[in-house]
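S.K.: fold the following for me, if possible:
(one chain, ligands or ions: 1)
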Amino acid sequence: MAHEPGDDGFVTVYNRKSPSREPPRDDDGSLQLQIFKIIVIGDSNVGKTCLTYRFCGGKFLKNPEATIGVDFRERSVDIDGETVKLQIWDTAGQERFRKSMVEHYYRNVHAVIFVYDVTKMSTLESMPEWIEECARQCVSPAVPRILVGNKCDLHGRREVPTSLAQRMADSYNFPLFETSAKDPGEKEHVDAIFLTLAYRLKNHKPLRLKQPSEGSMVHLADEQEQPPNACMC
Ligand SMILES: Nc1nc2c(ncn2[C@@H]2O[C@H](COP(=O)(O)OP(=O)(O)OP(=O)(O)O)[C@@H](O)[C@H]2O)c(=O)[nH]1
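M.R.: Presented below is the predicted three-dimensional model:
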C-alpha cells in the first residue's frame, strides 16, 4: 500500500531494513521524505497506464489490462540536488471500476494529469466532465493540472488537431503536451512532463509550460511564488 503524503508532500516512513522494525534514528526517530501524489485521469483506453509505466518503468507496457480502482507506481527523481518521490496514481477510466474510489483519488493530491487520446475525439470532448469531477472533489485551484494528448505515434489516425486541444487547454489555463507512451523516441518527453510537475511541486512555483512543436522538449519559465496545495472547501 502506498503512503499518502500530506498537503506539503511529506510522509513519515520507517526503515524496513531495521531488524527490530524500529524507526530509523532521526531527531524524533523518524525519517521525513517528500512524496508528491500525482493522479492520472481520463477516459478508458487513452493510455494512462502506459504513460505512467513509461515514466516509472522506462518501457512501453504491452497488453495492459483495464485498471480496476487504482494502480500505484513510484519513481524517485533528483530535483535541485534533493530526492523527491513521485507517487503516481493510475486511475480507472471505466466508471464501474472507479466509482467507489473517486474520493480517494483526489484526497491530498498534489497535481492532476488529464489524458486524452489524439486518435479519438470523444476523449477530448469528455475532458470537461473530468475537470468538473476534479473541481467537485474540492481540489484546490492551486494544484497544478496539465492536459496530455497521448498516442501521437498513430500519425494517420489523428482526430484531434493540436489547435483544438490547445484551445481547450487555454480555456482552463492548463499547459498542453502531446506525446506517445509507445514511441521510444518520446521517452524523454514523457519524463519531461512528469519532471516538470516535480520541479513545480518541489519549488511551489507555477510554471508556464510550452510545447513549441511536436517532439520538442518542454520549456520552463518561473512565475511568482504561490502557496502549495490547500483545499478551499
Ligand atoms: N499506439 C499507441 N497505443 C497506445 C499508447 N498508449 C497506450 N496505448 C494502447 O492503448 C490501449 C489502452 O492503454 P491503457 O494504458 O491500458 O489505457 P488506460 O487509459 O489506462 O485504460 P483504463 O485502465 O481502462 O482506464 C492499450 O492497447 C495500449 O497498448 C500509445 O502511446 N500509442
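S.K.: could you list the buried residues of stretch 33-42?
M.R.: L33, Q34, I35, F36, K37, I38, I39, V40, I41, G42 (16 or more other Cβ atoms under 10 Å). Every residue, glycine included, has its C-beta placed from N, CA and C.
S.K.: show the average pLDDT along it.
M.R.: Stretch 33-42 shows a mean pLDDT of 93.
S.K.: same deal with stretch 97-117?
M.R.: For stretch 97-117, the per-residue pLDDT averages 95.
S.K.: ends of that stretch, what's the gap?
M.R.: Using Cα to Cα, to the nearest Å, one end of stretch 97-117 lies 20 Å from the other.
S.K.: now stretch 95-110
M.R.: Stretch 95-110 end-to-end distance (Cα to Cα) = 23 Å.
S.K.: do the same with stretch 93-107
M.R.: Note: stretch 93-107 ends 18 Å apart using Cα to Cα.
S.K.: next, the buried residues of that stretch.
M.R.: G93, F97, R98, V102, H104, Y105, Y106.
S.K.: the fourth one contacts R136, correct?
M.R.: This means V102. No - counting by Cβ atoms under 8 Å, V102 does not reach R136; the two are 9.1 Å apart.
S.K.: any shared contact partners between the two?
M.R.: Between them, V102 and R136 share no contacting residue under Cβ atoms under 8 Å, 6 or more residues apart in numbering.
S.K.: spell out which parts of this protein neighbour the ligand.
M.R.: 44-50, 64, 66-67, 92-94, 150-151, 153-154, 180-182 (Cβ under 6 Å from any ligand atom).
S.K.: confirm I113 sits in a strand?
M.R.: Yes - under DSSP: H, G, I helix; E, B strand; the rest coil, I113 sits within a strand.
S.K.: tell me what it is bridged to.
M.R.: Note on I113: beta-bridge partners V40, I146, judged by DSSP bridges.
S.K.: ok, it - contacts?
M.R.: I38, I39, V40, I41, L51, R145, I146, V148, I193, L197.
S.K.: report how many residues lie close to the last one.
M.R.: Using other Cβ atoms under 10 Å, L197 has 23 other residues around it.
S.K.: and it, what does it touch?
M.R.: F36, I38, L86, A111, I113, P144, I146.
S.K.: how about the second one?
M.R.: Taking Cβ under 8 Å, 6+ apart as the contact definition, I39 lies against I88, W89, T91, Y105, Y106, V109, A111, V112, I113.
S.K.: what's the answer for the first one, then?
M.R.: I38 sits next to L86, Q87, I88, W89, V109, H110, A111, V112, I113, F194, L197 when contact means Cβ under 8 Å, 6+ apart.
S.K.: ok so the first one is a helix residue?
M.R.: No - assessed by three-state DSSP, L86 does not belong to a helix; its assignment is strand.
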